[in-house]
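K.L.:
Sequence and predicted structure below; questions after.
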Amino acid sequence: MIGTYIIIFIVVVIIATGLFTVKQQTIAIIERFGKFQSIRNSGLQLKIPLVDKVAGRVSLRVQQLDVIVETKTKDDVFVHLKISVQFLIRPDHVYDAFYKLQNPHEQITAFIFDVVRAEVPKMILDDVFEKKEEIALAIQRDLKQAMLDYGYDIIKALVTDIDPDEKVKIAMNRINAADREKIAAQHEGDAQRILIVERAKAEAESKRLQGKGIADQRREIARGLEESVVVLNRAGINSQEASALIIITQHYDTLQSIGADTKSNLILLPNNPNAASTMLNDMVTSLVAANKINESSLEIQPPKKGKNQ
């Protein structure tokens with residue numbers, strides 16, 4: 001009876017030691033007496049105790065490796081490039097990935113260094129910034145081809161950072177600051193030119209409107225003078241007498257408007273010695289014209305009727 005229990009115990013221990021689990025997205029490599037035996041997928045698995053062993057586990061998840069490469073550009077600028085590579089093990093090539101390549105990270109790093117130091121020295125620093133996607137594509141292309149035989153697939157390669165030498169960065173910042181100041185000055189100059197042009201347009205429009213107003217005013221004055229001369233001609237006054245009467249009237253209207261302003265200290269003087277005699281002649285002519293107007297109006301006015309007629 002005791003022997004039976006011992007046998008059952010031994011069997012349970014053997015079975016327990018032979019059971020193992022494999023996680024999701026992981027593959028276990030089974031070796032028998034040091035030789036590859038089989039590949040086990042995720043789940044509960046069984047191996048022969050003391051005969052089989054789990055040689056290793058391989059992850060099928062996407063992995064990422066970040067590598068910083070120092071190199072020199074075509075214009076002799078030392079620069080650090082940070083390269084990020086995403087890769088995974090192909091499920092149908094797990095054997096190659098486990099047995100052919102002992103340290104995949106070192107192998108991928110070596111290929112990245114080789115590609116970057118072959119591509120970047122062909123470019124100047126500005127081209128490195130502008131063509132970083134081309135550098136990443138070259139890394140992905142060459143690395144994919146090289147790692148295919150080892151069971152690895154390169155998903156993506158990215159140039160995530162470009163860090164030039166500190167002195168170069170300071171110089172680049174100065175150049176960028178100077179360029180920004182130049183652009184700002186250009187924009188400010190353009191704004192000033194636009195302001196001057198708009199101001200000139202506004203001034204031209206103002207002068208145009210002002211000239212139009214003056215022209216309209218002169219036309220109205222000329223029309224008024226024309227009507228005045230017509231009225232005076234109907235009264236039997238010739239053009240010379242009418243002109244004298246209008247000039248004298250405008251003269252006294254001007255004196256009246258000046259006198260109405262109590263703060264005015266303007267004095268009008270003749271600009272030539274004969275101005276006084278000319279004004280006197282104009283006054284005499286205008287008085288004669290005024291008398292003719294009065295006589296004409298009396299002749300036109302009808303006589304008044306008496307009360308007892």
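P.N.:
Right, received. Where do you want to start? It should be emphasised that the depicted structure is a prediction, and the values quoted were computed from it without experimental measurement. Numbering: from 1, shown residues only.

K.L.:
Look up how far Val85 lies from Asp161.
P.N.:
Here the criterion is C-beta to C-beta, to the nearest Å. By it, Asp161 lies 14 Å from Val85. To be clear about C-beta, it is placed using only N, CA and C from the backbone, and glycine gets the same treatment.

K.L.:
More neighbours: the two, which one.
P.N.:
Taking other C-beta atoms under 10 Å, Asp161 and Val85 do not tie; Val85 has more neighbours (24 against 13).

K.L.:
So the more buried one lies in a strand, does it not?
P.N.:
Yes. The assignment for Val85 is a strand, going by DSSP: H, G, I helix; E, B strand; the rest coil.

K.L.:
what are the bridge partners for it, then?
P.N.:
Leu65, Ala157 (DSSP bridges).

K.L.:
which residues does it contact?
P.N.:
Contact partners of Val85, counting by C-beta atoms under 8 Å, 6 or more residues apart in numbering, are 64-67, 108, 112, 139-140, 143, 154, 156-158.

K.L.:
Select from these the one having the most neighbours.
P.N.:
The contacts of Val85, ranked by neighbours (other C-beta under 10 Å): first place Ile139, 27 neighbours.

K.L.:
element containing Asp161?
P.N.:
strand 152-164 (DSSP states H and E).

K.L.:
Counting by contacts, list what that strand packs against.
P.N.:
In terms of contacts (3 or more C-beta pairs under 8 Å, 6 or more residues apart in numbering; DSSP states H and E), strand 152-164 is packed against strand 78-89, helix 125-130, helix 132-147.

K.L.:
Could you list every helix and strand that the second one packs against?
P.N.:
Spelled out, that is helix 125-130. For helix 125-130, the packing partners by 3+ C-beta pairs under 8 Å, 6+ apart are strand 78-89, strand 152-164.

K.L.:
now do 10 Å
P.N.:
With contacts defined as 3 or more C-beta pairs under 10 Å, 6 or more residues apart in numbering; DSSP states H and E, helix 125-130 has these neighbours: strand 78-89, helix 132-147, strand 152-164, helix 166-234.

K.L.:
Return the member of these having the minimum mean pLDDT.
P.N.:
For the helices and strands packed on helix 125-130, mean pLDDT drops lowest on helix 166-234, to a mean of 74.

K.L.:
how does this structure divide into domains?
P.N.:
2-59, 63-164, 166-224, 235-260+274-296 (automatic domain parsing).

K.L.:
Quick check: Arg61 is in a helix.
P.N.:
No. Counting by three-state DSSP, Arg61 is located in no helix; its state is coil.

K.L.:
I'd like to check what contacts the helix or strand where Phe111 lies. Which residues are they?
P.N.:
Using DSSP H and E, Phe111 sits in helix 104-119. Contacts of helix 104-119 with the rest of the structure, by C-beta atoms under 10 Å, 6 or more residues apart in numbering, involve 63, 65-72, 79, 81, 83-85, 87, 89, 97, 101, 103, 128, 131, 134-136, 138-147, 150-152, 154, 157, 159.

K.L.:
Now the common contact residues for Asp161 and Val85.
P.N.:
Asp66.

K.L.:
Include distance to Ala215 when you put the helices and strands packed on strand 152-164 into JSON lines, please.
P.N.:
As requested, those are arranged in JSON lines below (distance: least, C-beta to C-beta, whole Å):
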{"stretch": "strand 78-89", "distance to Ala215": "73"}
{"stretch": "helix 125-130", "distance to Ala215": "63"}
{"stretch": "helix 132-147", "distance to Ala215": "69"}
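
K.L.:
Which among those is found nearest to Ile2?
P.N.:
strand 78-89 (50.6 Å; C-beta to C-beta).
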